[in-house]
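Visitor: Could you look at this predicted model? Sequence included:
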Amino acid sequence: MSRPLSYGPAVLVGGTLAALALVAIFGSDYHVALAVAVTSYIVLATAWALFSGPTGYVSLATVAFFGIGAYTVAVLGDALPWPVVLVVAAAIGLVVALVVGLSTLRLSGIYFVVFSFGLAELIRQLVTWYEVNIGRSVGRYVFLDVTQAGLFWQLFGLAVAVFLVGWLIGRSRLGLALRVIGEDETVARHCGIDTTRAKLMLFAVSSMFITVTGAVMAPRWTYIDPAIAFNPLISFQVVVMALLGGAGVLYGPLLGAVPLVLLFDLIGAHFPNHFSILLGLVFVVVVYGLPKGVAGLVGRATSMEHGAGSPSPRTRGEGGSPQSGETGEGAPPYPREAPSPDIRAERANVDLSPRAGRGDTRLGVSGEPLLVIEDLSKSFGGVRAVDGLSFAVARGSIVGLIGPNGSGKTTALNLISGALPPLGGEIRLDGDAITGLKPDRIVHRGVARTFQLVRVLGDLSCADNVTAAIAFREQPLWGDEARHQATALLGRVGLDGRDAEPAGNLTYIDSKRLELARALALDPKLLLLDEWLAGLNPTELQEGIALIASLKRDGLTIVMVEHVMDAIRSLCDRCVVMNTGKKIADGTTAEVLADPAVVRAYLGGADAED
Ligand SMILES: Nc1ncnc2c1ncn2[C@@H]1O[C@H](COP(=O)(O)OP(=O)(O)OP(=O)(O)O)[C@@H](O)[C@H]1O
């Protein structure tokens, strides 16, 4: 949403459509037919990229929807007025997309590709079966009085509509959600995005455009059978066109569709028997030579011109220290409400007495704790990663979750944040059970997290990384207000003035700052930090500790998995120690770090003694 407005794409799209319109008005029959083919593929490839571009879900189901549209016309074309036929086709496409989407959009990567291909084949076989066994003939005649020019103008209208819808989606929360999903679906869920719903909505919109295109194109054939209407080549051609042009931007597929339709027309005329081989060759060249398409090349050239061509490498622990004064107390105020007097009172009441001991869920916490974990467990195959874990976290406190490598700390955080479903036990936040809820629901209850391996959305700007959370939290904001809040949060973590910078350019420490800003943007009650301080140099570490301390001063409750003992000592009110999935200690930091069982299991004598 913070991308600068550029008229280049609008001129490109408008100019191309205007040129096609001129061909349709003044061209010969052959040229009008060519304009029809080009426009139909512009619509198909752009509609395909509406969904597959931002999400990265490569769908080979294009022809399934295209064929549904064509067959709707073949069956109903004579019986109903033309606009009604198109509406019925769109409705059927919508229903099929919703059913298919609900059952498949949980799949990702190659599984989705294979399924989408299988879907097209399945629908083709079903139609063939119906025609042979019920209809008693394989094909159907389509006798509709539509001229080539009439066909062109319908497609032209569809093209205008698909660009308009794509433009609107690109500027909407849904558009941002899809870009986040495409970058990192796990992060998307932890930003509060209902990823299934977002994907489903766009899949349905994209499929409706494809279905209506199939319907509009049907009269062109006069006779159709399943082999024509569900020809898998259509799916492959659409993918190749979108990839050649660049599926990441709205105008990209157009850049691929125009030259390839012309090329395919040439190949079809002169080498009809070699069409598939040449299509395969084009596909290989596109995938290897232009992974981000022509639009990607244009984007790179433009950014080089503006001096932003070579992103600095994202190297763990390398340089990039923030300027002094950017963190901690000197930073602009974190835009969340100050802790209420109640919370302050409860914090004052936290019992950190040495009696607070092992295995007792509520010991050490007076009043209703913010987070209560009871008898939580999780297994991976034969490995019991978390085994009967119980502890509580007082409001406004920082609890360190510590233990040797592989003791189950990250798994415990994953269970709390909803990244993993527990095997057993209960998690309560503010008195309400959140056990087993999806991450986006848990985010809306007030839990935010960072990840052990930092996860920023590299192709999005820093501001968009933070806005993704602001736009999908429980009390979402959008537009200028969201942008201002994103800027303030970036300043809060020491990333002043970096709003427009792609997150992929950030150094390791700055990526961590950005991830923290994104978590804070969710306006959480509880923040889960997974080794947020790992890999920092001594200066960065001190700044990181100051930053976390300032969050606590603002009233945030924090559970931090950490191996950096200096941070544990200076930040944590209490510590829960895990070993082989079980809690082995729970008490004040000083008490726990002096516990011989803890020393034996984890710290080693030297560190425990300093
Ligand atoms: N997705 C997974 N699949 C299979 N095993 C897993 C998975 N995640 C964690 N484990 C196993 O569960 C156990 C606990 O792992 P976990 O990452 O929670 O430990 P940890 O205390 O966070 O370790 P570290 O301090 O090294 O990050 C380990 O034996 C680990 O191999």
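Guide: Okay, I see it.

Visitor: residues in contact with the closest residue to Leu44 other than its chain neighbours?
Guide: Leaving aside its sequence neighbours, Leu44 sits nearest to Val238 (CB to CB, 6 or more residues apart in numbering; 4.8 Å). C-beta: built from backbone N, CA, C; applies to glycine. Val238 sits next to 41, 44-45, 48, 62 when contact means CB atoms under 8 Å, 6 or more residues apart in numbering.

Visitor: And the pLDDT for the residue in the stretch 101-250 of the chain that the ligand sits nearest to?
Guide: Closest contact between the stretch 101-250 of the chain and the ligand, by CB to the nearest ligand atom, is at Thr186 (12.2 Å). pLDDT, Thr186: 93.

Visitor: helices and strands of this structure: which one bottoms out on pLDDT?
Guide: Ranked by mean pLDDT, DSSP states H and E, the weakest helix or strand in the chain is helix 341-348, scoring a mean of 33.

Visitor: Quick check: next helix or strand after it?
Guide: strand 371-380 (DSSP states H and E).

Visitor: Quick check: neighbours of the next helix or strand along the chain from that next one in the sheet, parallel or antiparallel?
Guide: On the C-terminal side of strand 371-380, the nearest following helix or strand under DSSP H and E is strand 383-393. Here strand 383-393 is paired, per DSSP bridges, with strand 371-380 (antiparallel).

Visitor: so where do the helices sit in the stretch 151-300 of the chain?
Guide: 173-183, 185-190, 195-217, 226-229, 232-245, 252-270, 275-289, 293-305 (DSSP state H, counting those that start in this stretch).

Visitor: and what of the stretch 1-150 of the chain?
Guide: Going by DSSP H, counting those that start in this stretch, the stretch 1-150 of the chain shows helices at 8-26, 29-55, 62-76, 82-104, 110-130, 148-170.

Visitor: quick one, the fourth one and helix 62-76 angle?
Guide: What it means is helix 82-104. 140 degrees (axes from the mean of the first three to the mean of the last three CA atoms, to 10 degrees).

Visitor: Give me the average confidence score over helix 82-104.
Guide: 91.

Visitor: And it, how far out from the chain middle?
Guide: 25 Å (CA atoms, centre = their mean, to the nearest Å).

Visitor: for the last one, same thing?
Guide: Here the centre of mass of C-alpha atoms in helix 148-170, compared against the chain's by CA atoms, centre = their mean, lies 27 Å away.

Visitor: what's the residue nearest the centre of the chain in contact with, if anything?
Guide: In the chain, the centroid-proximal residue (CA atoms, centre = their mean) is Ile181; its distance is 1.0 Å. Neighbouring residues of Ile181 by CB under 8 Å, 6+ apart: 54-55, 188, 193, 195, 198-199.

Visitor: If we use 10 Å, what do you get?
Guide: Taking CB atoms under 10 Å, 6 or more residues apart in numbering, we find Ile181 in contact with 54-57, 108, 187-189, 191, 193, 195-196, 198-199, 202, 468.

Visitor: out of these, which are buried?
Guide: Buried residues within the contacts of Ile181, counting neighbours by 16 or more other CB atoms under 10 Å: 54-57, 187-189, 191, 193, 195-196, 198-199, 202, 468.

Visitor: Out of these, the closest to Ala257 would be?
Guide: The shortest gap between Ala257 and any of the buried ones among the contacts of Ile181 belongs to Pro54, at 18.4 Å (CB to CB).

Visitor: my read: the closest one touches Ala177, true?
Guide: Yes - the criterion here is CB atoms under 10 Å, and Pro54 meets it with Ala177 at 8.8 Å.

Visitor: Next, show the common contact partners of these two.
Guide: Contact criterion CB under 10 Å, 6+ apart; residues shared by Pro54 and Ala177: 169, 198-199, 202.

Visitor: Quickly check those for the two that are furthest apart.
Guide: Most distant of those, by CB to CB, are Ile169 and Lys199, 12.8 Å apart.

Visitor: Mind listing the shared neighbours of those two?
Guide: Common neighbours of Ile169 and Lys199 (CB under 10 Å, 6+ apart) are 51, 54, 177-178.

Visitor: For the residues you listed, give me JSON lines that also has pLDDT and distance to the ligand.
Guide: Putting the shared contacts of Ile169 and Lys199 into JSON lines (pLDDT from 0 to 100; distance: CB to the nearest ligand atom, whole Å) gives the following:
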{"residue": "Phe51", "pLDDT": "91", "distance to the ligand": "29"}
{"residue": "Pro54", "pLDDT": "87", "distance to the ligand": "27"}
{"residue": "Ala177", "pLDDT": "94", "distance to the ligand": "26"}
{"residue": "Leu178", "pLDDT": "92", "distance to the ligand": "26"}
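
Visitor: Pick out the most distant pair among the residues you listed.
Guide: Phe51 and Ala177 (12.3 Å).

Visitor: Find the residues that touch each one of the two.
Guide: Any residue near both Phe51 and Ala177 by CB under 10 Å, 6+ apart counts here, and that gives 169, 199, 201-202.

Visitor: The chain against the ligand: which residues are in contact?
Guide: Contacts of the chain with the ligand, taken as CB under 6 Å from any ligand atom, map to 380, 383, 385, 403, 405-411, 452.

Visitor: Scan the residues you listed and report the most crowded one.
Guide: Neighbour counts for the residues of the chain next to the ligand, by other CB atoms under 10 Å, peak at Lys409, which reaches 29 neighbours.

Visitor: check contacts around it.
Guide: Counted by CB under 10 Å, 6+ apart, Lys409 has contacts 385-386, 389, 400-403, 452, 530-531, 559-563, 576-578, 581.

Visitor: Tell me how far the nearest residue to it once chain neighbours are set aside lies from Val88.
Guide: Distance criterion CB to CB, 6+ apart; nearest residue to Lys409, sequence neighbours excluded, is Val561 at 4.3 Å. To Val88, Val561 is 55 Å away according to CB to CB, to the nearest Å.

Visitor: Helices of the stretch 451-600 of the chain, start to end?
Guide: Assigned by DSSP H, counting those that start in this stretch, the helices in the stretch 451-600 of the chain fall at 462-470, 480-492, 508-520, 538-553, 565-571, 589-594, 596-598.

Visitor: Next, format the ones you listed as CSV and append mean pLDDT.
Guide: As requested, the helices of the stretch 451-600 of the chain are exported to CSV (pLDDT from 0 to 100):
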stretch, mean pLDDT
helix 462-470, 96
helix 480-492, 94
helix 508-520, 95
helix 538-553, 92
helix 565-571, 91
helix 589-594, 90
helix 596-598, 84
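
Visitor: From these, pick the one with the highest average neighbour count.
Guide: Of all these, helix 462-470 carries the top mean neighbour count, a mean of 29, counting by mean count of other CB atoms under 10 Å.

Visitor: Check which helices and strands that one sits against.
Guide: Applying 3 or more CB pairs under 10 Å, 6 or more residues apart in numbering; DSSP states H and E, one finds that helix 462-470 contacts helix 173-183, helix 185-190, helix 480-492, helix 508-520.

Visitor: Please give the centre-to-centre distance between that helix and its chain.
Guide: The answer for helix 462-470 is 12 Å, by CA atoms, centre = their mean.

Visitor: and the angle from it to helix 508-520?
Guide: 30 degrees.

Visitor: what's the neighbour count on the residue found closest to Ala33 once you drop the neighbours it is linked to in the chain?
Guide: Counting by CB to CB, 6+ apart, Ala33 lies nearest to Gln148, which is 5.7 Å off, once chain neighbours are set aside. Using other CB under 10 Å, Gln148 is surrounded by 19 other residues.
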